[in-house]
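Enquirer: sequence first, predicted coordinates after that:
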Amino acid sequence: MRPTEPPRPIGDMYSLVYEGIDAIGTADASALAKLADIASSVPKWIGDHLAMEHTYPSPSGVMECRLNQWYFAKGMEPDQASPRGWKVRRAMGVLSEPYWMAVLATGGAKVDLPNERLDCGPNMWAHPDAVMDDEFLLEFKSVSGWGYKKLVIQHGGVEVLEKAHYVQAQLYMYAADFDWTLYLTYPADFSQTQSSMRQMKKYGPHYELQPVYLEWVARDEATIDMALQRAEMLARDQLSDDPPPREFSGVEFLNSGKRAWPCGYCLHLGKCQENIMPARAEEGNDESIRFV
Ligand code: SF4
């Protein structure tokens, strides 16, 4: 049974966010004081955040490929380095979170950094971004323009369009014992995203892209159970020296030539592909192809 009545109307939350953006944008003294106040707690908070992401499984990565997580958990060197552009985006995403906290706190709300790691199931720690007015959790996400556009124009919301974010929010609500999360996301490349939408006939040259997307995420026990069971399986995988099965094709490119998701971006693609090369049966006259 999911809770049905969000803590506040979503329109009120948009108003609050837009007021906060304008206040910080015009160097409003109380808004900047909030930002300074929050910033002093940020170094420890960032450290906890990053430590949490390096457990296997982790709340943010529990839905990722089982085999990929096993390679990482076993300390195997990736086959390719993480692109620097990814590293910059990830760091900028973490560093932007205090800004969003200050935006939400500008109107006088109490926005607390938890600054504690909460037990969240096998090998997992939860580190919610913030708690607002002791009422609900806040989860901030920077997404690509492509991902942002999907959220703004398609139906289904976070549960359907950003499943990993949805599951992470559920695990945080479970660990921190809350019923609601305010999900706030924004595009890493606002102008480019708006420009690409203005070139589409459906939106036209005067289209104004909203700078932020908000959604209430209600606690869902079925998703929490699924994620905890999956985490138990992933933790068991690590006890074995035999790799678990892959959960995706292991193919880098689609027939169209486009890079496939997620395997085309997987840092362990090389090792994974070695394991799916067809091998001839070694014994007898069996000429069949087998996949290992
Ligand atoms: S290449 Fe694909 S299937 Fe193989 S480990 Fe990576 S994500 Fe999993």
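Expert: Received it, and whenever you're ready, just let me know what you need. Numbers count the residues shown, from 1 in each chain.
Enquirer: dump the residue contacts of residue 17.
Expert: 103, 104, 184, 212, 214 (C-beta atoms under 8 Å, 6 or more residues apart in numbering). For glycine as for every other residue, the C-beta is placed from the backbone atoms N, C-alpha and C.
Enquirer: and the pLDDT at the residue of the stretch 101-250 of the chain at minimum distance from the ligand?
Expert: Nearest residue of the stretch 101-250 of the chain to the ligand, counting by C-beta to the nearest ligand atom: residue 246, 3.5 Å away. At residue 246, the predicted lDDT confidence score is 92.
Enquirer: burial check on it, number of neighbours?
Expert: Residue 246 sits with 19 neighbouring residues when counted by other C-beta atoms under 10 Å.
Enquirer: surely it meets residue 70?
Expert: No - using C-beta atoms under 8 Å, residue 246 is not in contact with residue 70, being 9.7 Å away.
Enquirer: how many residues are close by the spatially closest residue to residue 190 that is not a sequence neighbour?
Expert: Spatially, and ignoring its direct neighbours in sequence, residue 190 is nearest to residue 211 (6.3 Å; C-beta to C-beta, 6 or more residues apart in numbering). Using other C-beta under 10 Å, residue 211 has 13 neighbouring residues.
Enquirer: helix or strand: which one has the residue nearest the centre of the chain?
Expert: Nearest to the mean C-alpha position of the chain, by C-alpha atoms, centre = their mean, lies residue 165 at 4.3 Å. Secondary-structure assignment from DSSP states H and E places residue 165 in helix 163-176.
Enquirer: please state the mean pLDDT value computed over the next helix or strand after that helix.
Expert: Note on helix 163-176: by DSSP H and E, the next helix or strand toward the C-terminus is strand 180-187. Mean pLDDT, computed over strand 180-187, is 97.
Enquirer: again with stretch 78-92
Expert: Averaged over stretch 78-92, pLDDT sits at 85.
Enquirer: end to end, how far does it reach?
Expert: Length of stretch 78-92, first residue to last, C-alpha to C-alpha, to the nearest Å: 23 Å.
Enquirer: outside of that stretch itself, list whatever touches it.
Expert: Stretch 78-92 has contacts (C-beta under 8 Å, 6+ apart) with 71, 142, 188, 267, 268, 269, 270, 271.
Enquirer: the last one is in contact with residue 76, isn't it?
Expert: Yes - distance between residue 271 and residue 76: 7.0 Å, which falls inside the contact criterion (C-beta under 8 Å).
Enquirer: these two - which one has more neighbours?
Expert: The neighbour comparison of residue 271 against residue 76 (other C-beta under 10 Å) goes to residue 271, with 18 against 13.
Enquirer: which bits of this protein sit near the ligand?
Expert: The chain comes close to the ligand at residues 65, 67-68, 246-248, 250, 262-263, 266, 268-269, 272, as judged by C-beta under 6 Å from any ligand atom.
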